[in-house]
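S.K.: model the structure of this input:
(chains A, B, C and D)
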2 protein chains.
Amino acid sequence: MSTVVATHEVTLAVSTVIFALGSEGLRIPLVRRIRQPFEGQWALPGGPIEVSEALEASAGRNLFETTGLRSTYLEQLYCFGDVDRAPGERVVSVVYWALVRSDEAALAAVDENVQWFAADELPELAFDHNRIVDYALWRLRNKLEYSQIAHAFLGPTFTLAELREVYQAVLQRPVDPANFRRQLEKSLIDTGERLTGARHRPPRLYRYDSSVALTDNGPLSTTQKEA
Amino acid sequence: MSTVVATHEVTLAVSTVIFALGSEGLRIPLVRRIRQPFEGQWALPGGPIEVSEALEASAGRNLFETTGLRSTYLEQLYCFGDVDRAPGERVVSVVYWALVRSDEAALAAVDENVQWFAADELPELAFDHNRIVDYALWRLRNKLEYSQIAHAFLGPTFTLAELREVYQAVLQRPVDPANFRRQLEKSLIDTGERLTGARHRPPRLYRYDSSVALTDNGPLSTTQKEA
DNA sequence: GAAATAGTGTCTTTGAGACAATATATG
DNA sequence: CATATATTGTCTCAAAGACACTATTTC
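M.R.: Numbering: from 1, shown residues only, chains lettered A, B, ... in the order given. Here you go, the predicted model:
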């Protein structure tokens, strides 16, 4: 029988839940574990922290190394530290969640050990990672309703229909165009331009109003520094 | 050097922001540092984690060891991990926040190195602890408005006036009794008893309805397990 | 019955949501 | 001009807040 919690050491790691939004809904990149425990299973990108690297920087590095992308939104999710969450070892994981732009995510290289999955149809993941993703999804859906994070999925300009589709895809329910417009128009800037080419009335193009913070994190706010 | 639980050269610690509510408003217990760095200055209660102790359990231990109290509410606040937050050392702190009942807090022993301070008039604290308390205060005020945490400051039964005073003290603004009643009555249980003895109409005594969770933390919810 | 707080009634305003109606590109 | 979405208008309903009013206990 192997020793449970054998070491007198605690490993500190950072993992990141990365969300992209494609035509099939929310997607998450996972990496295949190439060593024990859970060898061969899918897991969140992450790794032990560097001594002279900020937590958020570590999460950003996770993101870049697995997807080749920079995030438009990155926030700490939670610190998971149950004693038995990794077999035979005490691992405390600071988990971040990130949003990336849909168009960029499409370009992201996928090597054999990195693969994108539909966020609500994940396989059984290593460690407690299913639970972590569930929580991240909950936070994303929650936060979408009272903040401006939806913009992080889009490019610099967008139509109201595009923005509305983000809401519909994430919340998984229809949103009334007229009411949606009234709610969000005040926090947007009209670029004056329109998106022509479709065979119907061309919609206005808007820009995100950066004078309104994406989210209100109080004293941790704007810069998203952690400490 | 003491047997600190460390990974490579990163120290992992747990600290706790403890709130009690007295007649003078929100109060927080701090401990005086008895060694460098910041020797002599006040700091949040906390310490390095034990290898076989859950993070939340560690926070609960902090709480008990500094105040002699058990918390009625305990939640993870944030994980602070900036590279330079402790001079000459890399310390990552998982910070919790707790609420304790006002009547119990009054009884809490205060030794020479533990002292209660008004939450909005703190001295200059060690490390980044002022910033941490600011964030905890912001979270408390925020969460008071959309959840049921106010109950954690009170005993098993209470009048609506008492509950309302919690809101007023924390939010620092007057709350209309009539509207307050209508908003919260539905989430309370009328014990059928009244609080007599004052020289006016005796108010009903209510109980907290435990079928309604104190807060909705989604997948982390009810048990407040961290992983 | 005076004092003091408990508790109720009611009006106004605000915002969300349902849904009808109008506007304007392209083919 | 038909089509398809953009955009505006309007109605209803629910919740929040201001505030007047009534109720009931103790002294």
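S.K.: could you use CA atoms for every contact and neighbour count after this?
M.R.: Will do.
S.K.: now the spatially most central residue of chain A: how far from A:Ser71?
M.R.: In chain A, the C-alpha closest to the average C-alpha coordinate belongs to A:Ala98, at a distance of 3.0 Å (C-alpha atoms, centre = their mean). In this structure, A:Ala98 lies at 6 Å from A:Ser71, with C-alpha to C-alpha, to the nearest Å as the measure.
S.K.: picking that back up, is it true that the residue nearest to the centre of chain A touches A:Glu75?
M.R.: Yes. Here A:Ala98 lies in contact with A:Glu75, judged by C-alpha atoms under 8 Å, at a distance of 6.5 Å.
S.K.: show me what the longest strand along chain A is packed up against.
M.R.: Among the segments of chain A that qualify as a strand by DSSP state E, the longest is strand A:10-22. Where contact means 3 or more C-alpha pairs under 8 Å, 6 or more residues apart in numbering or on different chains; DSSP states H and E, strand A:10-22 is packed against strand A:25-32, strand A:46-48, helix A:55-67, strand A:90-99, helix A:102-107, strand B:6-7.
S.K.: which positions within the lowest-mean-pLDDT helix or strand in chain A qualify as buried?
M.R.: Least confident helix or strand of chain A, by mean pLDDT, DSSP states H and E, is helix A:102-107 with a mean of 74. Of the residues in helix A:102-107, those scored as buried under the neighbour-count criterion (16 or more other C-alpha atoms under 10 Å in any protein chain shown) are A:Ser102, A:Glu104, A:Ala105.
S.K.: spatially nearest residue to the last one (excluding sequence neighbours)?
M.R.: The shortest distance from A:Ala105 to any non-neighbouring residue, by C-alpha to C-alpha, 6 or more residues apart in numbering or on different chains, is to A:Ala20 (6.3 Å).
S.K.: swap in the second one?
M.R.: On the basis of C-alpha to C-alpha, 6+ apart, the spatially nearest residue to A:Glu104 that is not a chain neighbour turns out to be A:Leu69, at 7.4 Å.
S.K.: what about the one you found, neighbour count?
M.R.: Residues near A:Leu69, counting by other C-alpha atoms under 10 Å in any protein chain shown, number 19.
S.K.: give the contact list for it.
M.R.: By C-alpha atoms under 8 Å, 6 or more residues apart in numbering or on different chains, the residues touching A:Leu69 are A:Leu63, A:Val100, A:Glu104, A:Ala105, A:Ala108.
S.K.: if I pick the first one, what's in contact with it?
M.R.: Yep, that's A:Leu63 we're talking about. With C-alpha under 8 Å, 6+ apart as the criterion, the residues that contact A:Leu63 are A:Thr16, A:Ile18, A:Pro45, A:Leu69, A:Arg70, A:Ser71.
S.K.: with the residues you listed in mind, which one is nearest to chain B?
M.R.: Distances from the contacts of A:Leu63 to chain B were compared by C-alpha to the nearest C-alpha; the smallest belongs to A:Thr16, at 14.4 Å.
S.K.: I am finished for the moment; much appreciated.
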